[in-house]
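S.K.: for reference, the sequence and a predicted model appear below.
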Amino acid sequence: MSETVKKLDERVLANIVRAEITEEDTGDVYVFTTSSEASIKPYASEGTEKIHRVKNTILASLRYEDILLGYEIKLVNNTFCPELLALVDGGEVTNDEDGNFVSYAAPVVGKVTERKNLTVALYTEELDCDGETLEYIKFTFRHAKGKPVEYSIKDGEFFIPELTLHSRAKTGESSVSVEVLKNID
């Protein structure tokens, strides 16, 4: 048997240079460049393993693999954006006649909140040894829905909201796509 040695495509990625949340129904895109952290954890139906053992002998095992269903995404944004809050939380923003923010009302307690289907895109950059950007890498998570927003406000600290969404791919779809871009607009 001959071995094949394959060279890996290795890239050095850093930063969140851009984040986007797109309403899937309308196509409206909300762009923000103040996100400082994204925690992306897989959500899976966990498989099982059942071992058929008789005394000190393993006769067989039934093994069922984990099946990926989507991702849990937590975005840390360094500014207060009422529109993002409404998209993720499911509430409503009120603006004055000039389009300036006036108020935000969270979803009504005790009622099911119809949250919108969203696509979350995160852009990071591949850097050269001199610190210059070579290319951008875009991670896209489809069919995400927001969860109620957690608030943490501390005296002497900046308010840094955390937005949590869960994306779930449809049957036959990939749960995340990753693509290389020469530039972002």
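M.R.: Sure, I can see it.

S.K.: got the buried residues for stretch 111-127?
M.R.: 115-116, 118-125, 127 (16 or more other CB atoms under 10 Å). In short, each C-beta sits where N, CA and C put it, glycine included.

S.K.: of the residues you listed, which belong to strands?
M.R.: 118-125, 127 (DSSP state E).

S.K.: now, the most widely separated pair of the residues you listed?
M.R.: Maximum pairwise distance in those, criterion CB to CB, is 28.9 Å, between 118 and 127.

S.K.: quick one: the strands in this structure?
M.R.: 13-23, 29-32, 35-45, 49-54, 57-63, 67-77, 92-95, 101-105, 118-127, 133-146, 162-168, 177-181.

S.K.: given the last one, what are its sheet partners and their directions?
M.R.: If I follow you right, that is strand 177-181. Take DSSP bridges as the rule and strand 177-181 pairs in its sheet with strand 133-146 (antiparallel).

S.K.: just give me how far the partner strand sits from the chain centre.
M.R.: 8 Å (CA atoms, centre = their mean, to the nearest Å).

S.K.: from here on, count from 378
M.R.: Okay, residue one is now 378; in that scheme the one you just asked about reads as strand 510-523.

S.K.: so that strand versus strand 495-504, what angle?
M.R.: Calculated by axes from the mean of the first three to the mean of the last three CA atoms, to 10 degrees, strand 510-523 forms an angle of 160 degrees with strand 495-504.

S.K.: give the residue farthest from the middle of the protein.
M.R.: residue 432 (47.2 Å; CA atoms, centre = their mean).

S.K.: residues touching it, list them.
M.R.: Counting by CB atoms under 8 Å, 6 or more residues apart in numbering, residue 432 touches no other residue.

S.K.: and residue 420, by the same measure?
M.R.: So residue 420 contacts 445-449, 543, 545 (CB under 8 Å, 6+ apart).

S.K.: quick one: buried ones out of those residues?
M.R.: 447-448, 543, 545.

S.K.: spatially, what comes nearest to the most centrally placed residue in the chain if we skip its sequence neighbours?
M.R.: With distances taken as CA atoms, centre = their mean, the residue of the chain nearest its centroid is residue 450 (3.5 Å). In this structure, residue 450 finds its nearest non-sequential neighbour in residue 542, 4.7 Å apart by CB to CB, 6 or more residues apart in numbering.
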